[in-house]
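In: fold the following and give me the result.
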Amino acid sequence: MKNDYLYSTTHKAVVHIKLKPQSTYIFGYSAEERSHIGDELMISHPDGINFIRLNELDKETIEDANTSEKYFLRSGISIKNLLLQSDNRNLYIDVTGLDNRICAALIKNAIECCVSLDLDNVIVVYAEPGSYNTKQFKAESVFNDLSEKIEGIEPLPGFATIFPEDDVDMFLVALLGFEGGRFIHMLENVQPQRENVIPIVGVPGFRLEYPHIAYWGNRRPLEETDTWRKIKFAAANSLVDIYMVLSKIMNKHPTYKMKLAPIGTKPHAIGAMLFAIKHPKKVELVYDNPKRKIQRTEGVGQIVECLISKLIKEN
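Out: Residues are numbered from 1 along each chain as shown. Presented below is the predicted three-dimensional model:
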């Protein structure tokens, strides 16, 4: 967390957020209360900000709720047309209510727009939950507390790097959440050498007990692979911290490639995406595309802003 203050700002409530002038703010709704902070920001920032609310039409297509214009996640040109539809130089991506597939397409193309100087700043916004619904996580290795099912491993839009499965100089780095079933599914499909599996658990968690729930939910795969001995830790709500932890792993093993499985918190998933953007020839994102349950969390916790364009440029 020592680098977090360089790139991130944490707010106790939406009323404390002051968006930069000449900005575009992209967000989407989910069934969770915390995904609606964009509505409050529209009220407090009535002028000078272009708010774009996205609807997910299918796995490959999104829609601007205001104009009904459709955009295609796997088309860089299409997504950049969405991002650059105004002359605003600052882009906010509120990932709270957006599926990781949508986040991946937006973030990948937004960083490219910074490189091409079409944007000055790209800022990720994330609202923490007040609490998770975790009643059944002591049932061993289940998916169905937060996810109804897993649709299968498939590259995220914009992240099509695929490494051979039999490459011995390869780590599987799994960013763990509560759902041990997802970790088992990942191990069965990727089939890494056991000594090359590195789990990462988020701490301290949005609440004090959450790391213990993550341990408990994943206890079967951690015990069977003996990887509990190699667990590393990163702040659960910090995409900066997970980015730095991944950098340390890569620096320690410079000849190895990395299969990176973001199956934990949304900030960890975003940090993994940024790390894959930074190291396209050495990192493969491995994602299992869970179908989320309608209601997974309650309330709104802290809200984090992170200047990702600066983070990836300087690190």
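
In: going by C-alpha atoms from here, please, whenever you check contacts or count neighbours.
Out: Fine.

In: ok, which stretches of the stretch 101-250 of the chain are strands?
Out: 121-132, 147-150, 170-176, 197-203, 232-235 (DSSP state E, counting those that start in this stretch).

In: of all those, which one is nearest Thr161?
Out: Minimum separation from Thr161 across the strands of the stretch 101-250 of the chain (CA to CA) falls at strand 170-176, 13.9 Å.

In: run through the neighbouring helices and strands of that closest one.
Out: strand 197-203, strand 257-263 (3 or more CA pairs under 8 Å, 6 or more residues apart in numbering; DSSP states H and E).

In: between the ones you listed, which one is closest to Leu285.
Out: strand 257-263 (4.9 Å).

In: buried ones in the next helix or strand after the closest one, by neighbour count?
Out: Following strand 257-263 in sequence order, the next helix or strand is helix 266-278 (DSSP states H and E). Neighbour-count burial for helix 266-278 flags 266-277 (criterion: 16 or more other CA atoms under 10 Å).

In: ok, now stretch 39-54?
Out: In stretch 39-54, counting by 16+ other CA under 10 Å, buried: 41, 45, 49-54.

In: thinking again about what came up before, in TSV, list the strands of the stretch 101-250 of the chain along with distance to Ser86, mean pLDDT and mean neighbour count.
Out: Shown next, in TSV, are these (distance: least, CA to CA, whole Å; pLDDT from 0 to 100; neighbours: other CA atoms under 10 Å):
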stretch	distance to Ser86	mean pLDDT	mean neighbour count
strand 121-132	14	88	22
strand 147-150	36	55	16
strand 170-176	36	93	24
strand 197-203	37	92	23
strand 232-235	35	92	20
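
In: pull the residues that contact stretch 66-86.
Out: Contact with stretch 66-86 is made by 24, 50, 52-53, 60-64, 91, 101-102, 105-106, 109-110, 113, 118, 157-158, as judged by CA atoms under 8 Å, 6 or more residues apart in numbering.

In: select, out of the helices and strands packed on strand 170-176, the one closest to Gly152.
Out: Nearest to Gly152, of all the helices and strands packed on strand 170-176, is strand 257-263, at 12.7 Å by CA to CA.

In: so what strands line up beside the closest one?
Out: Applying DSSP bridges, strand 257-263 is found paired with strand 170-176 (parallel), strand 283-285 (parallel).

In: got the angle for that strand vs strand 197-203?
Out: 40 degrees (axes from the mean of the first three to the mean of the last three CA atoms, to 10 degrees).

In: narrow the buried residues of stretch 39-54 to those in helices?
Out: The subset of the buried residues of stretch 39-54 located in helices under the criterion DSSP state H comprises Leu41.

In: farthest-separated two in the buried residues of stretch 39-54?
Out: Checking the buried residues of stretch 39-54 with CA to CA, the most distant pair is His45 and Leu54, at 18.7 Å.
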